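A.B. asks: Need coordinates for the below:
(chains A, B, C and D)
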2 protein chains.
Amino acid sequence: MADTKRVTLADVARLAGLSPTAVSQILNGRTDARLSAEAHEKALTAAAKLGYRPNMAARSLRTAKTSSLALISDLVATTRFANGLIRGVLEAAQRVQHVVMVLETGGLPAREIQAIDAALDREVDGIIFASARSRELYIPDFPSAKPVVLLNATSLSHSTHILPDEQAGGRKAADVLLDAGHHRGIALIGHNEDVEQGTFRSETIARRIRGIREAMAVRKARFTVEASIWEWEPEAGYRTVFALLEQRKDITALLCLNDRLAFGAYQAISDHGLSVPADISVVSFDNDELASYLRPGLTTVGLPHERMGEKAIELILGKPDGLEHLMEMPLILRNSVAPPAA
Amino acid sequence: MADTKRVTLADVARLAGLSPTAVSQILNGRTDARLSAEAHEKALTAAAKLGYRPNMAARSLRTAKTSSLALISDLVATTRFANGLIRGVLEAAQRVQHVVMVLETGGLPAREIQAIDAALDREVDGIIFASARSRELYIPDFPSAKPVVLLNATSLSHSTHILPDEQAGGRKAADVLLDAGHHRGIALIGHNEDVEQGTFRSETIARRIRGIREAMAVRKARFTVEASIWEWEPEAGYRTVFALLEQRKDITALLCLNDRLAFGAYQAISDHGLSVPADISVVSFDNDELASYLRPGLTTVGLPHERMGEKAIELILGKPDGLEHLMEMPLILRNSVAPPAA
DNA sequence: TGACTCCGCTAAATGCATTTAGCAACACCC
DNA sequence: GGGTGTTGCTAAATGCATTTAGCGGAGTCA
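C.D. replies: Here you go, the predicted structure:
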């Protein structure tokens, strides 16, 4: 608590009986100026004794590096959707001794510009632009050649980006059902015309559906029903599935496009006096926290958010490579799938 | 994108035909050196023309201020529990042009020290220590007199802190049930002996329960059952309530100590062929996202996380006052409460 | 012995904004 | 005219680590 004035490099040098130059070189592991083992010894012990910590402001004034990164996101930082994303970023950053400034824009261009300026003013070493929903981001031009990585997003102006491997994920989800023996009675819940036409939502969801259809095609299976839903929320899932079960008695499995739809589906199934998975199997996507709360546990293809966040740090520090990086979506097996009743 | 070299104060001064001193004074709105309106005009237009942005590293080298804050948390940044907390902080910070470095420690002392060092190295203007669960934090001593605020936490070493007003919140929850006419058939789900003895968990939960008991006492009401549960998760809520409904037929309302317990309770109620709120009313705490997904919507006393986060910024910038700040917990009325069956 | 190369280390410049001390010019007063 | 203020502005110092240029002395070579 005592407000000791900062220990500076000069202090260390004095104690070590060396010049600041020498101490700086040693502390930074520079080998260019061949300093004696003795000098190293002296510098290091002096620094340790005084508890010296370099003033980063002074350092970055010369080096224009700060060991700080900016994470600029629409809503990512503060929505349950993408806690994993930020956790991955934070974890990986702290492992390499970097600090991350989190800036939220709510997707508003004005705030985006503000955020970029704030980051640039502080000379961050790189900027990660993230989105809660995988989508194409428009990033305002800014006058700097800082490394940029798109996390769970794409952009026309910057190409290095990280996305979940939705297509493979889609295949996994369909395969779980197919492998369990469902063939005819599967309903697809949440697919959306507009998405498949590329009109709305993200390219990634289109890939998810593409993967699903691929897997179905391979097994020569067809959906009994495809229920288009625009809003992927529990309420919509409930209504859709409730109505569906009313009309069709041949449904044996539900492939929901996200966990919230599945959540609603569970309630609808229960309200019909049916049970998961004995009467109806359910598989979905995301691995929301929800999925583990449900009874029985929901089998779902998870979004690899944490891994994606870590990858972002790797890329930003290793100099962005301009490529697309797809992260594998893990299949989380719980208890919502069983063979069809027969 | 072009990597123009930075515009410096000297550049602006040159264009304006003034000294850097003058321009600095003007741009910072200092009035001490009475500069002419003309000089102001010249400095301002020159700065605007060049798009001048001060180099914060240089500035903070002199002023030891950075317009940056650190948010050091155990898990807060990345758990759904406290998204509101960080959102509030971020929102309020950006309104006053400050940037927040988010540092996670997972509650590990070693990482806590690391985080504090990282923050101190970067000369943050203040540190907010936050916890996902209101609890007492041990904060390692650090050699600096920076403003510190505890967010959703308390600490022996620093006194300015922000907590939800749990006692009032507890009263609200009980009152909802009491007002609806429940008097005899209320079960308290999740109370915990250890908590009330101050042995475990946080002081705040003790206050929550104290508030509840107060409200009950005022109306001369008593709980029919008090089910102690250690782990406040859906699964435990399910088991406890399921067993409870098995034994007792006189339960008309459940006062759950958090939404996740209530979530489990809903399922147990449903599995008993009963319904909310016709047969059993349910009230709980937190206003988890969950609460709105349930059918019918869950009436709950919300944690004012967002407001708390904003308050943290106010306090840290307005110089911490050493006091306890209690934020009101809002009652979120949905549809899980009705008068007892009769 | 003179010319040259290594070694081990240091002086001084640098990056940039802020701040302290103070200067030149003019007005005012007795 | 000498003394005292005020106005409007600037020179120079400052904060601190990094980096460039370079200095003495020892060793090497011919």
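A.B. asks: wait, what's in contact with the residue in the stretch 201-342 of chain A positioned nearest to DNA strand D?
C.D. replies: Per CB to the nearest atom of the strand, residue A:317 is where the stretch 201-342 of chain A lies closest to DNA strand D, at 17.6 Å. (C-beta placed from N, C-alpha, C; glycine too.) Shown in contact with residue A:317 (CB atoms under 8 Å, 6 or more residues apart in numbering or on different chains): A:96, A:98, A:125, A:126, A:147.
A.B. asks: Any of the residues you listed buried? List them.
C.D. replies: A:98, A:125, A:126, A:147 (16 or more other CB atoms under 10 Å in any protein chain shown).
A.B. asks: quick one: which of those residues is nearest residue A:336?
C.D. replies: Relative to residue A:336, the closest of those is residue A:98; by CB to CB it sits at 40.0 Å.
A.B. asks: Give me the pLDDT value at the residue of the stretch 201-342 of chain A closest to DNA strand D.
C.D. replies: Looking at residue A:317, its pLDDT is 94.
A.B. asks: burial count for the residue of the stretch 51-200 of chain A found nearest DNA strand D?
C.D. replies: Distance from DNA strand D to each residue of the stretch 51-200 of chain A (CB to the nearest atom of the strand) is smallest for residue A:58, at 3.4 Å. Residue A:58: 15 surrounding residues under other CB atoms under 10 Å in any protein chain shown.
A.B. asks: ok, residues contacting the longest helix along chain A?
C.D. replies: Longest helix in chain A by number of residues (criterion: DSSP state H): helix A:203-218. The contact list for helix A:203-218 (CB under 8 Å, 6+ apart) reads A:134-136, A:154, A:163-164, A:166-175, A:178, A:188, A:191-192, A:195-196, A:198, A:222-223, A:255, A:257, A:285.
A.B. asks: buried residues in the one helix or strand residue A:111 maps to?
C.D. replies: Residue A:111 is part of helix A:109-121, with elements assigned from DSSP states H and E. Buried positions in helix A:109-121, judged by neighbour count with 16+ other CB under 10 Å: A:111, A:112, A:114, A:115, A:116, A:118, A:119, A:120, A:121.
A.B. asks: per-residue pLDDT, the residue nearest to the fifth one when sequence neighbours are not counted?
C.D. replies: Yep, that's residue A:116 we're talking about. Of all residues not flanking residue A:116 in the chain, residue A:142 sits nearest, at 5.1 Å (CB to CB, 6 or more residues apart in numbering or on different chains). pLDDT, residue A:142: 83.
A.B. asks: Pass me the low-pLDDT residue ranges in the stretch 51-200 of chain A, would you?
C.D. replies: Scanning the stretch 51-200 of chain A for pLDDT under 70 picks out the ranges A:76-81, A:193-200.
A.B. asks: Check it for the residue nearest DNA strand C and tell me.
C.D. replies: Residue nearest to DNA strand C within the stretch 51-200 of chain A: residue A:61 (4.0 Å; CB to the nearest atom of the strand).
A.B. asks: Doesn't that residue lie inside a helix?
C.D. replies: Yes - under DSSP: H, G, I helix; E, B strand; the rest coil, residue A:61 sits within a helix.
A.B. asks: now it, nearest residue through space, not along the chain?
C.D. replies: With CB to CB, 6+ apart as the criterion, residue A:61 has its nearest non-adjacent residue at 4.5 Å, and that residue is residue B:57.
A.B. asks: what about the closest residue in space to residue A:189 that isn't next to it in sequence, distance to residue A:188?
C.D. replies: By the measure of CB to CB, 6+ apart, the closest residue to residue A:189 outside its immediate chain neighbours is residue A:256, 4.5 Å from it. As defined by CB to CB, to the nearest Å, residue A:256 lies at a distance of 8 Å from residue A:188.
A.B. asks: More neighbours: these two, which one.
C.D. replies: Set residue A:256 next to residue A:188 and count neighbours by other CB under 10 Å: residue A:256 wins out with 30 against 21.
A.B. asks: Could you check how far residue A:209 is from residue A:174?
C.D. replies: Following CB to CB, the distance that separates residue A:209 from residue A:174 is 10 Å.
A.B. asks: More neighbours: the two, which one.
C.D. replies: Using other CB under 10 Å as the criterion, residue A:209 and residue A:174 rank with residue A:174 on top: 27 against 21.
A.B. asks: any idea what sits nearest that one, other than its immediate chain neighbours?
C.D. replies: Closest residue to residue A:174 apart from its sequence neighbours, by CB to CB, 6+ apart: residue A:215 at 3.6 Å.
A.B. asks: Can you give me the distance of that neighbour to residue A:168?
C.D. replies: 10 Å.
A.B. asks: Show me which of these two is the more surrounded one.
C.D. replies: Using other CB under 10 Å, the more surrounded residue of residue A:215 and residue A:168 is residue A:215, with 21 against 17.
A.B. asks: Now the phi/psi pair for residue A:136, please.
C.D. replies: phi -80, psi 130 (degrees, to the nearest 10).
A.B. asks: That one and residue A:156 touch, don't they?
C.D. replies: Yes - using CB atoms under 8 Å, residue A:136 makes contact with residue A:156 at a distance of 7.3 Å.
A.B. asks: The closest residue to residue A:27 other than its chain neighbours: neighbour count?
C.D. replies: Distance criterion CB to CB, 6+ apart; nearest residue to residue A:27, sequence neighbours excluded, is residue A:47 at 6.1 Å. For residue A:47, the neighbour count with other CB under 10 Å is 22.
A.B. asks: Just checking the strand or helix carrying residue A:47 against DNA strand D, any contact.
C.D. replies: Under the criterion of DSSP H and E, residue A:47 resides in helix A:37-50. No - judged by CB under 7 Å from any atom of the strand, helix A:37-50 and DNA strand D are separated, with a smallest distance of 10.0 Å.
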